[in-house]
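J.: 3D, please:
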Amino acid sequence: WVQGRSTDDGWISFPKDGLNVYRDGSRSWGNVAAEKADLNGVSTKWVQGKDDRDGWIDFSYYGVNVFRHDEGTKRWGVIGVNRIDHH
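T.: Predicted coordinates:
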């Protein structure tokens, strides 16, 4: 594992199956920040913009939901497209 200088800094562990990032010297999940990521696949429940007030995409059992923050509540968002092809 790798940790910051202080015991309450974040830390990274390297288990056999991947990489874990923690915050505050605890087992609470931390953040990874990068300008660009090159991945073969992503498995996630939701994706959000960088700011807490940004909208997000939720991947539910039935498909994809797009939300936006509006006065602290969750509301449907907007999808903008130039072209849609049906296959």
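J.: Tell me how many other residues crowd Ile79.
T.: Using other C-beta atoms under 10 Å, the number of residues around Ile79 comes to 9. Heads up, the C-betas are built off the backbone N, CA and C, glycines and all.
J.: Check the secondary structure at the residue nearest to it when sequence neighbours are not counted for me.
T.: The spatial neighbour of Ile79 that comes closest, neighbours along the chain excluded (C-beta to C-beta, 6 or more residues apart in numbering), is Val66 at 5.5 Å. Secondary structure state of Val66, per DSSP: H, G, I helix; E, B strand; the rest coil, is strand.
J.: Now do the same contact list for Val66.
T.: Remark: with contacts taken as C-beta atoms under 8 Å, 6 or more residues apart in numbering, Val66 is in contact with 55-58, 76-79.
J.: and it, what are its bridge partners?
T.: According to DSSP bridges, the partner residues bridging Val66 are Ile57.
J.: For Asn40, give its distance to Lys50.
T.: Between Asn40 and Lys50 the computed distance is 23 Å (C-beta to C-beta, to the nearest Å).
J.: could you point out where this structure is predicted with low confidence?
T.: Screening the chain residue by residue with the criterion pLDDT under 70, one finds the ranges 72.
J.: swap the cut-off to 50 and go again
T.: Counting by pLDDT under 50, not a single residue of the chain qualifies.
J.: For it, which segments are assigned as strands?
T.: 2-3, 11-13, 20-23, 28-29, 46-48, 56-60, 63-70, 73-76 (DSSP state E).
J.: Dump these into a markdown table; add distance to Lys36 as well.
T.: Conversion of the strands of the chain to a markdown table gives the following (distance: least, C-beta to C-beta, whole Å):
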| stretch | distance to Lys36 |
| --- | --- |
| strand 2-3 | 22 |
| strand 11-13 | 19 |
| strand 20-23 | 18 |
| strand 28-29 | 21 |
| strand 46-48 | 16 |
| strand 56-60 | 19 |
| strand 63-70 | 23 |
| strand 73-76 | 29 |
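J.: So which of those is nearest Arg83?
T.: Of all the strands of the chain, strand 63-70 sits nearest to Arg83, with 17.7 Å by C-beta to C-beta.
J.: Return the set of buried residues in the closest one.
T.: With burial defined by 16 or more other C-beta atoms under 10 Å, the residues of strand 63-70 counted as buried are 67, 69.
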